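Novice: Below are the sequence and a predicted model; questions follow.
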Amino acid sequence: MRYSPLRPLALASLVANVALVVTGAAVRLTGSGLGCPTWPRCTDQSYTTTAEMGVHGVIEFGNRMLTFVLGLLAVACVLAALLERTRRRSRVLLAVAVLLGIPMQGVVGGITVLTDLNPWVVGIHFLLSMVLIAFAYALWKRTAEGDARPEYLVPRPIRQLVWILSAASAAVIAMGVIVTGSGPHAGDEDAKRNGLDPATVSQAHADVVFLLIGLTIALVLALKAVKAPLPTVRAAVVLLVVELAQGLIGFVQYFTHLPVLLVGAHMLGAALVWTSTLAVKWSLRERPESAPSPTPLEPAPAPAEEPIPAPR
């Protein structure tokens with residue numbers, strides 16, 4: 001397969017979208033959610049932070065600037081997809097999807113500020129990051145594939161199990177958003193919470209986590225039973241390890257009253273759980289290059305004529 005600049009650009013876009021989750025966590029955990037108290041400007045008179053706004057303004061403004069980095073990477077991906085020697089429609093569409101998601105993410109971020117960090121809007125802001133990570137991951141993986149029909153490497157029941165596992169992974173992340181909206185880390189001292197009981201929603205979140213871990217263990221055993229390819233088994237094992245680490249962080253942070261460093265690590269872990277889930281899903285298939293068009297067969301030589309016997 002020919003080298004394409006789209007592949008490293010797509011990887012950079014994926015990493016930057018994960019980084020946005022981390023910087024967003026930093027904004028919330030340092031109480032900087034309203035460091036820039038309005039949007040799209042940082043203040044009523046300035047688009048940038050001012051000295052009077054202190055460190056909170058710097059943190060919030062820095063998070064906003066990362067959006068422009070994401071946008072530049074997304075534009076570069078679209079251009080690289082369009083300029084490939086063999087243009088692939090799927091790659092162009094995925095690159096455009098990431099590009100369109102960046103301003104949408106910025107607008108939702110602005111709405112969170114204008115609504116004084118409404119926890120439900122903040123949750124949508126986080127979930128949109130997960131959607132962008134999915135598109136960026138798909139684009140990155142697609143750059144290493146050919147155009148032939150996908151060839152599945154595992155039986156259909158295992159593929160169905162992975163669909164269920166993926167839904168459970170998404171549910172874990174969604175429940176985590178609700179738990180965060182009920183907790184103390186609002187991003188600002190005066191921001192409201194969602195009003196749900198933290199202990200109740202945390203228990204519901206833990207129940208879905210146990211379901212996800214159980215499904216992942218079942219997947220690992222099923223893959224070994226059918227002798228699935230090693231990369232597929234490895235992807236499932238990595239997902240299980242990430243889930244266990246994330247679960248451990250979640251329990252420790254709960255019983256230590258949510259220290260900010262552990263909460264930040266847990267938010268990064270959510271992005272890694274989601275990315276590892278996507279890795280499992282993509283490992284179930286391979287897509288080789290299109291088979292070359294068959295060359296037309298040369299006409300068979302005409303049979304040699306038998307000599308006519310001379311008359312006697």
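Specialist: All right, it came through fine.

Novice: the strands in this protein, which residues?
Specialist: 151-152, 285-286 (DSSP state E).

Novice: Mean confidence (pLDDT) on the first one, please.
Specialist: Yep, that's strand 151-152 we're talking about. Per-residue pLDDT over strand 151-152 has a mean of 92.

Novice: which secondary structure elements does it contact?
Specialist: Helices and strands touching strand 151-152, by 3 or more Cβ pairs under 8 Å, 6 or more residues apart in numbering; DSSP states H and E, are strand 285-286. C-beta coordinates here come from the backbone N, C-alpha and C atoms, glycine included.

Novice: so which of the strands of the chain is the most packed in?
Specialist: Compared across these, strand 285-286 shows the largest average neighbour count, a mean of 16 (mean count of other Cβ atoms under 10 Å).

Novice: So A279 versus P198, what's the distance?
Specialist: With distances taken as Cβ to Cβ, to the nearest Å, A279 is found 32 Å from P198.

Novice: go on, F68?
Specialist: 35 Å.

Novice: Same drill for the two, tell me which one is more crowded.
Specialist: Taking neighbours as other Cβ atoms under 10 Å, F68 and P198 compare with P198 leading, 18 against 11.

Novice: quick one, what contacts the residue nearest to S166 when sequence neighbours are not counted?
Specialist: With sequence-adjacent residues excluded and distances taken as Cβ to Cβ, 6 or more residues apart in numbering, S166 is closest to T277, at 5.6 Å. Contact partners of T277, counting by Cβ atoms under 8 Å, 6 or more residues apart in numbering, are 165-166, 169, 239.

Novice: ok, which stretches of the stretch 151-300 of the chain are helices?
Specialist: 156-182, 198-225, 230-255, 260-282 (DSSP state H, counting those that start in this stretch).

Novice: any idea which of these is most buried?
Specialist: Compared across those, helix 260-282 shows the largest average neighbour count, a mean of 20 (mean count of other Cβ under 10 Å).

Novice: Near the closest residue to R287 other than its chain neighbours, how many other residues are there?
Specialist: Nearest residue to R287 in three dimensions, chain neighbours excluded: E145, at 4.0 Å (Cβ to Cβ, 6+ apart). Residues within reach of E145, counting by other Cβ under 10 Å, total 18.

Novice: what about the chain, any weak spots by pLDDT?
Specialist: Filtered on pLDDT under 70, the chain yields the residue ranges 1-3, 290-312.

Novice: Mind doing that once more with 50?
Specialist: 292-298 (pLDDT under 50).

Novice: Now the residue most central in space within it. Nearest residue, chain neighbours left out?
Specialist: The chain has I133 as the residue nearest its centroid, 2.5 Å off, counting by Cα atoms, centre = their mean. Closest residue to I133 apart from its sequence neighbours, by Cβ to Cβ, 6+ apart: N17 at 5.0 Å.
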